[in-house]
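Undergrad: Here you go, sequence then predicted model.
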Amino acid sequence: MRTHPIIQVQQVSQRFNTRSGEFLALDNVSFDIHAGETLSLIGHSGCGKSTLLNLIAGLTRPTSGGLLCNNREIDGPGPERGVVFQNHSLLPWLTTYDNVALAVRQVFRGEMSKAEMHEWIMHNLDLVQMSHAWNKRPHEISGGMKQRVGIARALAMKPAVLLMDEPFGALDALTRAHLQDAVMEIQQRLRTTIVLITHDVDEAVLLSDRVMMMTNGPAATVGEIMDVALERPRSRVALAEDAQYQRYRQQVLQFLYEKQPKAA
Ligand SMILES: Nc1ncnc2c1ncn2[C@@H]1O[C@H](COP(=O)(O)OP(=O)(O)OP(=O)(O)O)[C@@H](O)[C@H]1O
């Protein structure tokens, strides 16, 4: 898939001031994200994946270089870039419905009627199969369910780009698989652009149109970008036996453990 770039990361470097002096986390990172694609960022711990995602989210600004979303400079967070973190970040005193409603009101106040908002909130809870738990508070539902609501909340803002920082990292393997399938299905239905940080090679290959492998820090940058030309919809069971899937997997493993081994 090659469409226009929705996000452009141009010669981005990020330095941090630390007690022991300046630390160059990202060095001259450039790449495009195409509309409608799922792009995974993979690399060893500390290579700068979250730093890069925070820059795309507009939560931080780069030391040098620039980032564009739909050809406009990213100079802060915006509803066209929804973020899902590893730990759901739902407000604990609000029901799942009200957690989503808060985001919807923020973006669509004055644009949707109350009835339309209600319908839209329920529609998004439905997308992640959580409408039955609309009146539960976060402590009353499982980790996987909280993560689903976090995804519904992000989707409800109709973001052009969904930025996901290890969204399935804290879940058990089965819940993770269910949620990965749900995200793939939603992505296919809505054609949302997804940027996904992961440590999981299988997750990266299964979900992505491209996998961006990052070199180790300090001064981390783009190592390789691999196209994943597997047909959709994808089935994890069928792909487990697929030779091409195994080759993609192998290419990422080689990058991580032979080309960029992490010092012990
Ligand atoms: N605010 C900050 N101040 C100083 N150093 C920072 C700051 N944020 C990140 N770093 C450093 O920048 C580097 C990249 O961090 P980052 O969290 O982006 O890595 P990551 O690839 O997301 O790691 P992980 O996979 O473990 O989540 C690390 O060495 C980290 O210590």
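TA: Nice, thanks for sending it over.
Undergrad: what does the stretch 51-200 of the chain put close to the ligand?
TA: When proximity is defined by Cβ under 6 Å from any ligand atom, the stretch 51-200 of the chain lies next to the ligand at residue 51. Using the backbone N, CA and C atoms, a C-beta is placed for each residue, glycine as well.
Undergrad: one more time with 8 Å, if that's ok
TA: Within reach of the ligand by Cβ under 8 Å from any ligand atom, the stretch 51-200 of the chain has these residues: 51, 52, 53, 54, 165, 166, 197, 199.
Undergrad: Now the buried members of the residues you listed.
TA: Neighbour-count burial (16 or more other Cβ atoms under 10 Å) is assigned, among those, to 51, 52, 53, 54, 165, 166, 197.
Undergrad: which of these lies closest to residue 65?
TA: residue 52 (11.3 Å; Cβ to Cβ).
Undergrad: tell me what the helix or strand harbouring the closest one is packed against?
TA: Assigned by DSSP states H and E, residue 52 belongs to helix 49-57. If you count contacts as 3 or more Cβ pairs under 8 Å, 6 or more residues apart in numbering; DSSP states H and E, helix 49-57 packs onto strand 5-18, strand 21-34, strand 38-42, strand 64-69, strand 81-84, strand 161-165, strand 193-197.
Undergrad: Switch those strands over to a markdown table; also include mean pLDDT.
TA: Listed next are the helices and strands packed on helix 49-57 as a markdown table, based on pLDDT from 0 to 100:
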| stretch | mean pLDDT |
| --- | --- |
| strand 5-18 | 97 |
| strand 21-34 | 97 |
| strand 38-42 | 98 |
| strand 64-69 | 98 |
| strand 81-84 | 92 |
| strand 161-165 | 95 |
| strand 193-197 | 97 |
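Undergrad: Make TSV from those strands and add distance to residue 137 to it.
TA: Below are the helices and strands packed on helix 49-57 laid out as TSV (distance: least, Cβ to Cβ, whole Å):
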stretch	distance to residue 137
strand 5-18	35
strand 21-34	35
strand 38-42	31
strand 64-69	34
strand 81-84	19
strand 161-165	23
strand 193-197	28
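Undergrad: now for those strands, which one comes closest to residue 130?
TA: strand 81-84 (14.0 Å).
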